[in-house]
Structure formats: C-alpha cells, structure tokens
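> Sequence and predicted model, in that order:
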Amino acid sequence: MTDEAPNAAHGLPGSEKEVLSQRLPVDEARDYLMVQVAKMFFSLERTQTEIATDLGLTRWQVSRLIAEARETGVVRIQIVPRSQRLPELEVELQRAYGLREAVIVPGIAGISDENIALESVAQAAGQYLASIKPRVTLIGVSWGRTMAAVAQWLPPNWADGVHVVQINGAVALRMTMARTTSVAEDFARAGHGTVTILPAPAIVGSAQTREVLEQDRVLADVQRLIDRAGVLCFSFGALSRGSVLVSSGYLDARDIDDLDEKGAVGDILGRFIDRRGKVVDGALDARTIGLKLDSLKGRDRVVGVCSGKAKHPIALAALRMGYVNVLITDQATARHAIDHVHDR
C-alpha cells in the first residue's frame, strides 16, 4: 500500500467515506477506490482532472490508481481489431513456405508497443489451438514468456482431457519469472487434462551428463511420450542478453556474444541456429536436453508462435528449414518473411 492511500480515501464524498472507513479494511478500501477510478476513466470516459475533482484527489493520485489498476489486472485492456486475421497475407505466407496454416494478427495503426503485439498474437494462438480441439489429445509445449502468454489466453475448455507434455528441459538455476513448468500446467488445467513435466535442466554441464540423464528410465519415458505427440506448440527465442535462458541461469552475456560471433540468430527449444537454420554450436547443442530439431518434421501440427522485430531473423530461419508447419505471428513478421523468402 502506498502513502497516498489514506488521503485518497479521505477525498471521497461523505457517504463513500463512511462505507470505506467503517465497513472495509484499508486494502479493500484502496481496491474499491481503484475500481471506481477505473470505471470513471475507462467506461465513463471521464478525464483524470474531472475524476480528481469529483473524488477530492490530486491528478497524480488518479493517474497512479489507473496505472495500478492496469498493473494488478483490475483493468485488462484487450485490443480487438475489426479483422482479427489477414487472409490474403496468410495465403501468401503459406504458399511461400509450404505451411499447413498461418494466422497473422494485423498491426494497429500508430501503436508500436511490442507487448500489445505479443498479447494479440498469444490470443490468436489460444484461439487457434481451441479451433483444433477434436485433434488435440496429446500436445507438446515449451516454456518462456511467449508461451506463458499463450497459456493465459487459452479459452476455458479449449480441449477435453488433453495430455500436455513439456518438450524441453526447464529446471531453472535462477527464478526471475514464473515457474518454468507453469506453462504446461496451465495448458492442462484449461483443457481439463493431465501434465507430464520433463524433469531436467534445459542445459547441463557436459554431453556425457546429458547422455546419462537421457538414459534414466523417467526421462526416457517422457521422451517416448514427446515422440508420440502429433501437435507441438512453442515460441522462438531471439538472440539477446534478455533471453530467458540467460535470466534462468543457463547462459551468460559472454555465451550470447560467442553465439553471435558464430552466426546465431536465435534459438528454437534452446537450440541456437544461424540464418539458414543450422545449429551453430555443436558442443552447446550436445549439452541441451529436450526435443531435437530434426524431430520437428513429420508431425501433424508444429505450431510456432512469435511476435516482434527481434524475432524476425529466427522466424525466417525456422521457416526456411521447415521447423514449423503452422505459424502464428504479427503482420510485420509475416511481411518480413515474405519479403526475404528468396534470400540466400
């Protein structure tokens, strides 16, 4: 609670002050005030100055309450363009790369916020997965920020008794984001199903360690389950010091710089590739646990989800090598891929 909360409550008209001071605890009083301010601002389209005058607050207090309402999820802004799809561009992308399906979210004029683009693409991914519900009984999913957003946008009952299996190692060394297993768990929960976690790190210290771990009966059973999954869904990772593989403790800034020098443009399931889709560091790849890139082909649906300019190079590489047969992305990423389809 901030220092302004008591003053904010005292600024209410008499009857409102009585409700807040006599019937509600302090935190509930602030929540009550936050909802009131959010309703006036977003639903009734009152200006911040008008709200401040009506409630006896400062304009700064009103602005802070509005920001807090967004941050805490009291207000969730959903961008809904008139057309959620760009069919002509989707067909163009499918023809260019031989995709089974493409879902392209239109850009929003005047808005360049990549977080908004990510939410729109994640929502489209959730809708797509729900649309193939009869075919989804076993699905493999990865983890990370994009996939966490997809999990949050899955409609309730998106599947019926689905079995979700995690397809890359995810026992993080450091926790700076939500639990790495939460994506698979959220997928299963929304689909009234079960989840199987791959109980191993994403990257280990040596190839010998990976080999020993993969021979373990528990991990071998999970791997066999992964091999049976006809539907896979994962995101692409940009080559960045802000990568979840860095924040989770597997790699550091020097590793990223080294991968950059070797020509990496990003990673798929923790496996770093160049612009042609080839693994750039065999030693690192040999220490990586999870689905191998050559296992992506031949599945019924391999769904890649990505958005933002930083993902353009890795999305292009994934398309060139046919690592996905369904791409869900934003308009700018799709346009970039089409414009560079003949690059060598």
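Perfect, thanks for sending it.
> Could you list the low-pLDDT ranges of the stretch 51-200 of the chain?
Along the stretch 51-200 of the chain, segments meeting pLDDT under 70 span 77-83, 108-113, 171-180.
> Strands of that one, residue ranges please.
101-105, 138-141, 163-166, 194-196 (DSSP state E, counting those that start in this stretch).
> tell me the helices in the stretch 51-200 of the chain, going along the chain?
59-71, 87-97, 114-131, 145-153, 182-190 (DSSP state H, counting those that start in this stretch).
> Just want the angle from the third one to helix 145-153.
Counting by axes from the mean of the first three to the mean of the last three Cα atoms, to 10 degrees, helix 114-131 points 60 degrees away from the direction of helix 145-153.
> for helix 114-131, the distance to its chain's centre please.
Mean-position distance between helix 114-131 and its chain equals 9 Å (Cα atoms, centre = their mean, to the nearest Å).
> Now tell me what touches it from outside.
78-79, 84-85, 101, 103, 105, 107-108, 136, 139, 145-146, 149-150, 152-155, 158-159, 233, 303, 305-309, 326, 328-330 (Cβ atoms under 8 Å, 6 or more residues apart in numbering). The way it works is simple: take the backbone N, C-alpha and C, and place the C-beta from them, glycine included.
> Using PDB, write out the CA atom coordinates for it.
Extracted in PDB, the C-alpha atoms of helix 114-131 (Å, rounded to 0.1, in the frame of the first residue of the first chain):
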ATOM      1  CA  GLU A 114       5.500  -4.900 -28.700                       C
ATOM      2  CA  ASN A 115       3.800  -6.100 -25.500                       C
ATOM      3  CA  ILE A 116       0.500  -5.300 -27.100                       C
ATOM      4  CA  ALA A 117       1.600  -7.200 -30.300                       C
ATOM      5  CA  LEU A 118       2.600 -10.200 -28.100                       C
ATOM      6  CA  GLU A 119      -0.700 -10.300 -26.300                       C
ATOM      7  CA  SER A 120      -2.600 -10.100 -29.700                       C
ATOM      8  CA  VAL A 121      -0.500 -13.000 -31.100                       C
ATOM      9  CA  ALA A 122      -0.900 -15.000 -27.900                       C
ATOM     10  CA  GLN A 123      -4.600 -14.600 -28.000                       C
ATOM     11  CA  ALA A 124      -4.700 -15.700 -31.700                       C
ATOM     12  CA  ALA A 125      -2.600 -18.800 -30.700                       C
ATOM     13  CA  GLY A 126      -5.100 -19.600 -27.900                       C
ATOM     14  CA  GLN A 127      -8.000 -19.400 -30.400                       C
ATOM     15  CA  TYR A 128      -6.200 -21.500 -33.000                       C
ATOM     16  CA  LEU A 129      -5.400 -24.300 -30.500                       C
ATOM     17  CA  ALA A 130      -9.100 -24.300 -29.400                       C
ATOM     18  CA  SER A 131     -10.200 -24.500 -33.000                       C
END
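> quick one: buried residues of that helix?
117-130 (16 or more other Cβ atoms under 10 Å).
> where's residue 245 relative to residue 188, distance?
24 Å (Cβ to Cβ, to the nearest Å).
> which SS state does residue 211 fall under?
helix (DSSP: H, G, I helix; E, B strand; the rest coil).
> burial of it, as a residue count?
11 (other Cβ atoms under 10 Å).
> since we're on residue 276, how many residues are nearby?
Residue 276 has 13 neighbours, counted by other Cβ under 10 Å.
> cool, and residue 88?
9.
> same question, the one 3 residues further on
For residue 91, the tally of surrounding residues (other Cβ under 10 Å) stands at 13.
> And the pLDDT at residue 43?
Looking at residue 43, its pLDDT is 79.
> and if you look at the one 4 residues further on?
Reported pLDDT at residue 47 in the predicted model: 92.
> Residue 28 now?
67.
> Equivalent analysis for residue 19, please.
40.
> where's the nearest residue to residue 148 once chain neighbours are set aside relative to residue 235, distance?
Closest residue to residue 148 apart from its sequence neighbours, by Cβ to Cβ, 6 or more residues apart in numbering: residue 183 at 5.5 Å. Relative to residue 235, residue 183 is positioned 10 Å away (Cβ to Cβ).
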